[in-house]
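>>> Dropping a prediction and its sequence here:
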Amino acid sequence: MNEDGKNAALIVAAGGGSRMGGGIPKQFRDLGGRPMLAWSHAAFAAHPGIDTILIVAAEDQRDLARDLLPDAWIEVGGASRRESVARGLRHLALAGVTKVLIHDAARPFLSAEVIDRVLAGLASADGAMPVLPVADTLAKDEGGVLGEIVPRDGVARVQTPQGFHLQSVVAAHAAWPSGAEATDDAQMVRRLGGRVALVQGDAMLEKITYPDDMAGADMRLTWETRTAMGFDVHRLEDGEELWLGGVLIPHHQGLSGHSDADVALHALTDALLGTIAAGDIGTHFPPSDPQWKGADSGQFLQHAAKLIADRGGRIDFVDLTIICEAPKIGPHRTAMVERIADLLQIDRSRVSLKATTTERLGFTGRGEGIATQAVATVRMPAGPQA
């Protein structure tokens, strides 16, 4: 706990997001591989000045919020933003909170510097909120016709999180006229005579409201490119089926292994796991476990792809080289590419598959086995760019 009391973040995530169109509410939509709500939650969780975090969600969204953030403190909000905040404040008061930062879930890219400035602003005021100057000319819209120009001197764009001493904001909510709505909590505190300090905001805190805003937010993310290699070998034996690249190939021999021994998918699985430093295929599917005997290797590949997706990653390209004397790979290349693309849910243009021999040298040259080398390139989100 901080020396001057317990500080909390209250994230308002109870809106329906109607202006974003149909489907899942915007605060739960994917942004850089994780729900929009998770970005601001993570920012507060990483800040040493925040002791606890409460999310208020609509009653019909609570289960969805819990599925996405299973370890978070989530309570049911109200029919309006004001009611949702009021309910959250009551929970925080019972938890011994003295200061609260109220934040809109639709502003995902929250920096530690903004949190610092808001907390510092509370040292000399009842509330504090981040603002930005207005750069554009402001004008009244009079039925689609230009009206009077509005002076922008002394005008600021208001953002969140807005910070308050808990008693001040609770009192402001209690005194607010029943049935009236407020667009934010700072105006409620000011109406009751409270002083709200203005601190420097952040252009990254733009609110996501319309569909085009999601595309803009995605463009503000920075990505890092990762490349990893996988290699695998399996012995050819009589009486086995030959699975390569997820395709059953007619041949007088097949590959021997605990699963279906698809050497191409195994090598590619290892390459994908390598991009997120998640060990190798044996770590996730040990050959000593009987449940994987004869298993379809496609599920191994999909598992690796899901691990990448769960961390916000995107598979950009995969490249495989199958090394053998027989069978001929060319006639089956198209089917393999299509199967791998389907398993990874990427376009087939992002899958390269080649074959070569070792000029009859070594175990592949003697027809004793098949080897595959695979390389995978993925992008992982590294956070918002300033």
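Perfect, thanks for sending it.

>>> In its sheet, which strands sit next to the longest strand seen in the chain, and in what direction?
Criterion DSSP state E: the longest strand present in the chain is strand 221-238. Counting by DSSP bridges, the strands paired with strand 221-238 are strand 253-256 (antiparallel), strand 369-384 (antiparallel).

>>> R62: which of these is closest?
Closest to R62 of these, according to CB to CB: strand 369-384, at 26.6 Å. In this view, the C-beta of every residue, glycine as well, is placed from N, C-alpha and C.

>>> Pull out the buried positions in that closest one.
Neighbour counts over strand 369-384 (16 or more other CB atoms under 10 Å) mark 369-381, 383-384 as buried.

>>> Go through those and name the one nearest C324.
For those, the minimum distance to C324 (CB to CB) is 4.3 Å, reached by I370.

>>> Double-check that closest one against V233; I have them as touching.
Yes. Counting by CB atoms under 8 Å, I370 does reach V233; the two are 7.3 Å apart.

>>> Give me the common contacts of these two.
Common neighbours of I370 and V233, using CB atoms under 8 Å, 6 or more residues apart in numbering, are V263.

>>> Skip ahead from the longest strand of the chain and say which helix or strand is next.
Per DSSP states H and E, strand 221-238 leads on to strand 242-244 as the next helix or strand towards the C-terminus.

>>> May I see the buried residues of that following strand?
Here strand 242-244 shows 242-244 as buried, counting by 16+ other CB under 10 Å.

>>> what does stretch 249-269 give?
Within stretch 249-269, the residues scored as buried using 16+ other CB under 10 Å are 249, 253-255, 257-269.

>>> now stretch 35-48
Within stretch 35-48, the residues that count as buried by 16+ other CB under 10 Å are 35-44, 47.

>>> Looking at the residues you listed, which are in helices?
Per DSSP state H, helices hold the following members of the buried residues of stretch 35-48: 36-44.

>>> Kindly tell me how buried the closest residue to D347 other than its chain neighbours is, as a neighbour count.
Excluding the flanking residues, the one nearest D347 by CB to CB, 6 or more residues apart in numbering is A341, at 6.4 Å. Using other CB atoms under 10 Å, A341 is surrounded by 17 other residues.

>>> Cross-check the contact I'm expecting between A341 and R350.
Yes. Using CB under 8 Å, A341 is in contact with R350, at 7.0 Å.

>>> where do the helices sit along the stretch 201-350 of the chain?
For the stretch 201-350 of the chain, applying DSSP state H, counting those that start in this stretch gives helices covering 211-219, 263-275, 281-284, 298-310, 333-344.

>>> ok, the closest residue to T52 other than its chain neighbours to Q187 distance?
Spatially, and ignoring its direct neighbours in sequence, T52 is nearest to A8 (4.8 Å; CB to CB, 6+ apart). Counting by CB to CB, to the nearest Å, the gap from A8 to Q187 is 21 Å.

>>> Kind regards, and thank you for your time.
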